[in-house]
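Student: need a structure here:
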Amino acid sequence: MTNPLLENSELPLFSHIKAEHIEPAIEQLLNNARASVEQLLAANNVYTWENLIAPLDEAEDRINKAWSPVSHMNSVVNNDELRDAYNACLPKLSAYSTEMGQHKGLFNAYESIAGSDDYEQLEPAQKKVIQNALRGFRLSGIDLNQDKQARFKQISLELSQLSSKYEENLLDATNAWQKLIIKKSDLAGLPDSALQQAKQAAEQEGMKGWLLSLQFPSYIAVMTYADDRQLRADMYKAFSTRASELGVNSDWDNTDIMEKTIALRHEKAQLLGFKNYAELSLATKMADSTRQVTDFLEELAEKSLPQARKDLAELVEFAQQQYGIAKLHAWDTGYYSEKMRQHAYDLSQEEVKQYFPASRVIQGLFDVVAKLYGLNISELKDVDTWHKDVRFFQIKDKAGELRGKFYIDLYARPKKRGGAWMDDCVGRRKMGVSIQIPVAFLTCNFTPPAGNAPALLTHDEVLTLFHEFGHGLQHMLTKVDYLGVSGINGVEWDAVELPSQFMENWCWEKEGLALISGHYQTGEALPEALFNKMLAAKNFQAGMIMVRQLEFSLFDFKMHQDYTPEHGAKIYQQLNAIREKVSVMIPPDFNRFAHSFAHIFAGGYAAGYYSYKWAEVLSSDAYSLFEENGIFDQKTGEKFLTHILEAGGSADAMELFVKFRGREPKIDALLRHSGIAA
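Tutor: Now for the predicted structure:
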């Protein structure tokens, strides 16, 4: 084998990929793609789908299939060599992308196809690919003069590098902090599972005692259960100042990166003729205008704030009356909320976990989609992966046709980026007479198994798994054969969370829970009494949760909308102004939330974080049809499969939603599901 990234293998050859393979492979594939473009343009006078777009798709697909495992490994098994190789490729990929977006000959060829007689004979999905491509050329600066195009190219390159550096700083800052606890009594309140995990973490580092870290399972266990208030305060400060000037190492301070990022995004938007980056962001989204987005968020805030204030007042009163706490701090809310939940509903998250062993939840998830869509999911062994914990599965539909495959990497570990996500490994496309089967990465950061006990998931983690699998289903079940709009490609960003949030609903239904739960020792079904408590507590502090999400959404959107070069990003001024309007629990002055807000500084959510709430309206309203017809009603499932999951980005999201629901979305179901009266 020469270079595993250049092998045209069906799946990535993870165990063979070394850092030294990365740069040569990406360089060769980019040069091949450039040469293909010039050859295709020179070889034809009249351009068609077959003689231009199909072969270009082939070249793009080769790049994607090489870069996808590299990018993925950089996120899940990060090391210095891999990181250096990854970063060395970013400028090359950015330059290629801008070059193609500003290629006049290519643009003219696409325009000629769009204006030809043959265009009307194309499938709707093919037309959508061409429309999106023409829009993409304009958003890459095709209409700019040479100087402005050069500046656009420079900005795109810098933004790509800043995003990568932001994420690296956050990963390094998260990994750097540890706290070894020698006396078990200092961890009073922590459940056995969390203690076992901390003990195992210490043993793995050759230490005696209990090792705490800022990996999310460790952090959240302390914030929710640790009786030691000072320990919670210390951990809260470490977590909320990561990658900032107040963090453990100033080398990882994201301050300048954030300022530069917002400034460059603004400049890019203005080059393209938009007032600000928020406007540019909406060019590829469902929302029509910045006003529509801010009105939507502010209306939700107005409806949610009374409930949020009531939630906080009840928590403060509870902490005062039951525990004599005079003032509630940010590091107290999780702890006393859990105490209050136990007190009000006699519901302990630790008790709930016993009924959600990871293996049962995964099988139950497969059973849910089998009942909804007739899918059959089975595990494939002996597949090359990047870590021993990774498992691999295939999906067949009720006709026995192979529809997709996916890797699943469930547990938190050092050198792995935090959070949960679905990513595209291989996209569906037509290849002559055959179809390339889509492959997905599903990544989470759950608490790993400790000792002889299996991994037990909190109900929140169960929701997360269903959420990411919803994204995966849209990627894998697509029936669109053209790469640009198959799966999640080409789906408006503010509609992309619809299938993921939609899947979460089955985690709250008795019939759904019967499939995904069973006591890890006895297999006993989730008791009726416990289910009723979970249901009663479902919307516990829903108002506070809602306004917290609205705080993030408004901060992100307004920071991009209101930016001026004279005053800079004013990041924390902007955040504090939003908090004064919509927050009920104001964090301490040292909190540096924005320094770890990777969604908008290193993910794809810049001026788009509102998408979570926007898509929640869609998903709640979509699910309300199942509530009307039965949560496993196969006709309704078939409809959702056809119009949402299989259609990908082949038509506008609103058009597809209306085909499924019979009308445009309404906000009522979201407010009802959140326990907030309309």
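Student: gap between residue 282 and residue 429?
Tutor: For residue 282, the distance to residue 429 equals 28 Å [C-beta to C-beta, to the nearest Å]. No exception for glycine: its C-beta is placed from N, CA and C like everyone else's.
Student: check contacts around the closest residue in space to residue 141 that isn't next to it in sequence.
Tutor: Once its chain neighbours are removed from consideration, residue 141 has its nearest residue in residue 152; the separation is 4.1 Å (C-beta to C-beta, 6 or more residues apart in numbering). Listed by C-beta atoms under 8 Å, 6 or more residues apart in numbering, the contact partners of residue 152 are 98, 102, 140, 141, 144, 268, 271, 272.
Student: before we move on, what about residue 132?
Tutor: By C-beta under 8 Å, 6+ apart, the contact list for residue 132 reads 484, 485, 490, 649.
Student: would you turn those into TSV with distance to residue 258?
Tutor: Formatted as TSV, the contacts of residue 132 follow (distance: C-beta to C-beta, whole Å):
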residue	distance to residue 258
484	32
485	33
490	29
649	30
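Student: related to what we said a few turns ago, next step: the contacts of residue 152 restricted to helices.
Tutor: Cross-referencing the contacts of residue 152 against helices under DSSP state H gives 98, 268, 271.
Student: so which of the residues you listed comes closest to residue 390?
Tutor: Looking at the ones in helices among the contacts of residue 152 and their distance to residue 390, the nearest is residue 98, at 34.3 Å (C-beta to C-beta).
Student: where does the residue nearest the centre of the chain fall, phi/psi-wise?
Tutor: Taking C-alpha atoms, centre = their mean, the centroid of the chain lies closest to residue 421, which sits 4.4 Å from it. Summarising the backbone geometry of residue 421 under the convention degrees, to the nearest 10, its torsions are phi -160, psi 160.
Student: is it in a bridge, and if so with what?
Tutor: residue 443 (DSSP bridges).
Student: can you start the count at 8 instead of 1 from here on
Tutor: In the new numbering, first residue 8, that becomes residue 428.
Student: isn't it right next to residue 475, touching?
Tutor: Yes: between residue 428 and residue 475 there is a contact under C-beta atoms under 8 Å: 6.7 Å.
Student: Give the intersection of the neighbour lists for those two.
Tutor: The contact sets of residue 428 and residue 475 overlap at residue 450 (C-beta under 8 Å, 6+ apart).
Student: Tell me the secondary structure at the residue nearest to residue 148.
Tutor: Here residue 159 is helix, with the state taken from DSSP: H, G, I helix; E, B strand; the rest coil.
Student: list the contacts for the residue nearest to residue 92 when sequence neighbours are not counted?
Tutor: Ranked by C-beta to C-beta, 6+ apart and with sequence neighbours excluded, the top spatial neighbour of residue 92 is residue 29, at 3.9 Å. Residue 29 makes contacts with 12, 77, 89, 92, 93, 95, 96, as judged by C-beta under 8 Å, 6+ apart.
Student: The third one: how many residues sit nearby?
Tutor: Meaning residue 89. In terms of burial, residue 89 registers 18 neighbours under the definition other C-beta atoms under 10 Å.
Student: and the host helix or strand of it, how far out from the chain's middle?
Tutor: Take DSSP states H and E as the rule and residue 89 turns out to sit in helix 87-108. Using C-alpha atoms, centre = their mean, to the nearest Å, we find the averaged C-alpha position of helix 87-108 to lie 22 Å away from the chain's own average C-alpha position.
Student: now swap in stretch 418-425 and tell me
Tutor: Offset of stretch 418-425 from its chain centre (C-alpha atoms, centre = their mean): 15 Å.
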